[in-house]
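Peer 1: Structure of the sequence below:
(one chain, ligands or ions: 1)
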Amino acid sequence: SIPTPDTVDLEDLNIEETMAFTPDAQLDLLFDPKIIPADVKAKLGDDLHLRPLARTDLQRNHLAVLSVLTSTPNLTPAQYSQAFDTLRSCPNTYYTVVIVAKATDSIVGVGSIFMEQKFTRNLGRVGHIEDIAVDKNVQGRKLGLRVIEALTGISESMGCYKTILNCSDHNIPFYEKCGFEKKENEMARYH
Ligand code: ACO
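Peer 2: Got it, this is the predicted structure:
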C-alpha cells in the first residue's frame, strides 16, 4: 500500500490557532537546513515542518515539549538566545531539530545530536543522540521516528561511524523500531 504522510490534528494540540507559520528564511537557525535528509521531510504531511532549532523557538513551545522528558526551566528569551549562541559557537558539533505544526507555528517534536571527535577509529566521529521528545497529545504518530531518522541521517552525513544514545527500558522497543540495538551499559555519576 502507498504510505500516507504523517499528520496531526490541531484539536489534539490544545493550542489556540494564533501564530502564522514562520518559514525557514525568516528564522535565525542553528545550522543549514539542507543537512536534514529530504526524504525524511517528505514523509511528513503538509501540516508539519521539520527544521533546525531557531533562536526564537522558546516562543514556539520548545520547552513545553521537552517537559515530557524532564522538568524544564522558565527561561527568558535572552537566556534562551544565549544558550542558542553557546551551541552555535561550536562549529559542526550541535544539531537540534524540531517538528513544527504549521497551523499554530508551535513545536510538537524535538531531538538533538552532538558529534564527538575521536583519536581512535582513524580519527572517527560518534553521534550522540539526546533529548528526544514528542508532545503528549501527538505521540504514536511516527514523529519520534522522523526525529530519529533526521538525526541519524545528519550523523551519517557528518561521517560518524556510529550513533548512540541512552534510554530507559520502556523506550527500548521504540529505538529498536528506529533501527537501534541494545549494546553495553550506561554508567552515571550525578553532581
Ligand atoms: N513501546 C513500544 N513501542 C513503541 C514505544 C514504546 N514505549 N514508543 C513508540 N513505539 C513504537 C510505535 O508504536 C511505532 O511503531 P510502529 O512503527 O510499529 O507503528 C514506532 O515505535 C515509532 O513510534 P513513534 O510514533 O515515532 O513514537 P512517538 O512519536 O510517540 O515518539 C517518544 C516516541 C519520543 C519516546 C515519545 O513517546 C516521547 O516523547 N516520550 C516521552 C519522552 C521520552 O521518553 N523520550 C525519549 C527519551 S530517551 C532519549 O532522549 C535519548
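
Peer 1: From now on I want contacts and neighbour counts done on CA atoms only, so please keep to that.
Peer 2: Will do.

Peer 1: mind listing what's buried in the lengthiest helix in the chain?
Peer 2: When the chain is parsed with DSSP state H, its longest helix is helix 143-157. Residues 143-155 are the ones in helix 143-157 that count as buried (16 or more other C-alpha atoms under 10 Å).

Peer 1: what do you get for stretch 25-45?
Peer 2: 29-31, 35-37, 40-41, 43-44.

Peer 1: what residues does this structure put near the ligand?
Peer 2: Contacts of the chain with the ligand, taken as C-alpha under 6 Å from any ligand atom, map to 68-69, 129-134, 139-145, 165-167, 170-171, 173-174, 177.

Peer 1: which helices and strands does the next helix-or-strand element following the longest helix of the chain pack with?
Peer 2: Later in the chain than helix 143-157, the nearest helix or strand by DSSP states H and E is strand 160-164. Counting by 3 or more C-alpha pairs under 8 Å, 6 or more residues apart in numbering; DSSP states H and E, the packing neighbours recorded for strand 160-164 are strand 125-134, helix 143-157.

Peer 1: ok, and what's touching whichever helix or strand comes after strand 160-164?
Peer 2: For strand 160-164, the succeeding helix or strand toward the C-terminus, using DSSP H and E, is helix 172-177. By C-alpha atoms under 8 Å, 6 or more residues apart in numbering, the surrounding residues in contact with helix 172-177 are 181-182.

Peer 1: List the buried residues of helix 172-177.
Peer 2: Residues of helix 172-177 classed as buried by neighbour count (16+ other C-alpha under 10 Å): Tyr175.

Peer 1: from the chain's centre, how far out does it sit?
Peer 2: Helix 172-177 sits 17 Å away from the centroid of its parent chain (C-alpha atoms, centre = their mean, to the nearest Å).
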